[in-house]
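Engineer: Here is a sequence with its predicted model. Questions after.
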Amino acid sequence: MHRNVRNQLPGDGGSYELAQRLDTRRRCFRRRGLGSFGGTHPWKGPDWIRAQIATIRATTDRPFGVGFITPFLPFSEPHFDAALEERPEIIALSFANPQPWLARAKDAGARVMCQVQTYDDAETAVAAGTDVLVAQGNEAGGHTGTMGLLPFLAGIVRRYPDVPVLAAGGVADGRTLAAVLTVGADGAWLGTAFLATPEAVEVHDVHKRLIVESDGGDTVWTRAYDIASGLPWPATIGTRVRRNRFTDEWSGREATLQDRKEELAPAEDANPFEAPPDLDTSEILYGQSATFVDAVRPAADVVRTISDEAKAILASRPRSLLR
């Protein structure tokens, strides 16, 4: 296991990167969503993957996905192998060249979704044979790139008209879902909206409260936590987190932090799920779409409300503009 992998939090980059409990995903299955869970779990072995998939299949016969942080796969490969053995319908990959993992997933019968943050990433994923592109904008909570969603999404849809595209980053209500569908997305990949649900049992209540209270303007994009962690995140990727004393201290001082990362790195056996986050120093992940999250609500209600709002807007707004 790579050093300090234990200190990365869940709910990252659309809620799938690191392990989340399945409660949220099961509720989504019953509505209009495709459920997935993060397969990179620092505290659990491959049997944990098998158990989670068994739980899903005992709940629903609908398709589901398992997501992985691609640059972490060289040292979390047993989890990936376990997922492929269970043959989920979808494998999601993000933040690095998807090969050879994409080919292995396809050989196992899965369809692959690749989350991308640049046009180069998208070209690599399409050339590798991805079934779905997920265009992620900088508005997203957790790990993300530097491009804003709207122009990036429009560019991806224009460049790859024959590839299904999902939008990620900034989508958490019906209006934002309708917007990305109008641009050309085939759907959306949501994260922040599902962190503030009762089913997100590994997200502390204080974290949920901060999301509900946020208008999204209290978030910043930073590489400070990744540098301190020592994990192999690409240099083009950072995290959108709640701004705090730690992010302020290291803003613009990444080179100095690189020199001091050993002394600032979290303890290797620290478990971020055990205690509520420290408001001054903890990596509290959520995106700019927190402005649309006004209460902690069941995941099924989140899916239903966003879908119904988007449907109503798409039924009325375009027609009113063309009169």
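Structural biologist: Here it is on my side, so go on.
Engineer: List the buried residues for the lengthiest helix in the chain?
Structural biologist: Determined from DSSP state H, the single longest helix within the chain is helix 299-321. By neighbour count on 16 or more other Cβ atoms under 10 Å, the buried set for helix 299-321 is 299-300, 302-304, 306, 309-310, 313-314. To be clear about C-beta, it is placed using only N, CA and C from the backbone, and glycine gets the same treatment.
Engineer: so which of these comes closest to residue 145?
Structural biologist: Nearest to residue 145 among those, counting by Cβ to Cβ, is residue 306 at 24.0 Å.
Engineer: what's the spacing between the longest helix of the chain and its chain's center?
Structural biologist: Offset of helix 299-321 from its chain centre (Cα atoms, centre = their mean, to the nearest Å): 23 Å.
Engineer: Quick one: mean pLDDT over it.
Structural biologist: The average pLDDT within helix 299-321 is 90.
Engineer: Format the buried residues of helix 299-321 as JSON lines; extra columns: distance to residue 276.
Structural biologist: Shown next, in JSON lines, are the buried residues of helix 299-321 (distance: Cβ to Cβ, whole Å):
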{"residue": "299", "distance to residue 276": "22"}
{"residue": "300", "distance to residue 276": "26"}
{"residue": "302", "distance to residue 276": "23"}
{"residue": "303", "distance to residue 276": "27"}
{"residue": "304", "distance to residue 276": "30"}
{"residue": "306", "distance to residue 276": "28"}
{"residue": "309", "distance to residue 276": "32"}
{"residue": "310", "distance to residue 276": "34"}
{"residue": "313", "distance to residue 276": "37"}
{"residue": "314", "distance to residue 276": "40"}
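Engineer: circling back: kindly format the C-alpha coordinates of the longest helix of the chain as PDB.
Structural biologist: What follows is helix 299-321, C-alpha atoms only, in PDB (Å, rounded to 0.1, in the frame of the first residue of the first chain):
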ATOM      1  CA  ALA A 299     -30.500  10.200  -1.600                       C
ATOM      2  CA  ALA A 300     -33.700   9.000  -3.400                       C
ATOM      3  CA  ASP A 301     -35.300  12.400  -2.800                       C
ATOM      4  CA  VAL A 302     -32.200  14.100  -4.200                       C
ATOM      5  CA  VAL A 303     -32.400  12.100  -7.400                       C
ATOM      6  CA  ARG A 304     -36.200  12.600  -7.700                       C
ATOM      7  CA  THR A 305     -36.100  16.300  -7.100                       C
ATOM      8  CA  ILE A 306     -33.200  17.100  -9.500                       C
ATOM      9  CA  SER A 307     -34.700  14.900 -12.200                       C
ATOM     10  CA  ASP A 308     -38.200  16.400 -11.800                       C
ATOM     11  CA  GLU A 309     -36.900  19.900 -11.800                       C
ATOM     12  CA  ALA A 310     -34.800  19.300 -14.900                       C
ATOM     13  CA  LYS A 311     -37.700  17.700 -16.700                       C
ATOM     14  CA  ALA A 312     -40.000  20.700 -16.000                       C
ATOM     15  CA  ILE A 313     -37.300  23.200 -17.100                       C
ATOM     16  CA  LEU A 314     -36.600  21.400 -20.300                       C
ATOM     17  CA  ALA A 315     -40.300  21.100 -21.100                       C
ATOM     18  CA  SER A 316     -40.900  24.900 -20.700                       C
ATOM     19  CA  ARG A 317     -37.800  27.000 -21.000                       C
ATOM     20  CA  PRO A 318     -36.600  26.200 -24.600                       C
ATOM     21  CA  ARG A 319     -40.200  26.600 -25.900                       C
ATOM     22  CA  SER A 320     -40.500  30.000 -24.200                       C
ATOM     23  CA  LEU A 321     -37.300  31.200 -25.800                       C
END
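Engineer: Distance of residue 214 relative to residue 280?
Structural biologist: Per Cβ to Cβ, to the nearest Å, residue 214 is found 17 Å from residue 280.
Engineer: Which of these two has more residues huddled nearby?
Structural biologist: residue 214 (21 against 11; other Cβ atoms under 10 Å).
Engineer: How many neighbouring residues does the closest residue to the more buried one other than its chain neighbours have?
Structural biologist: The shortest distance from residue 214 to any non-neighbouring residue, by Cβ to Cβ, 6 or more residues apart in numbering, is to residue 290 (4.0 Å). Other residues lying near residue 290 total 25 when counted by other Cβ under 10 Å.
Engineer: Many thanks, I have nothing further to ask.
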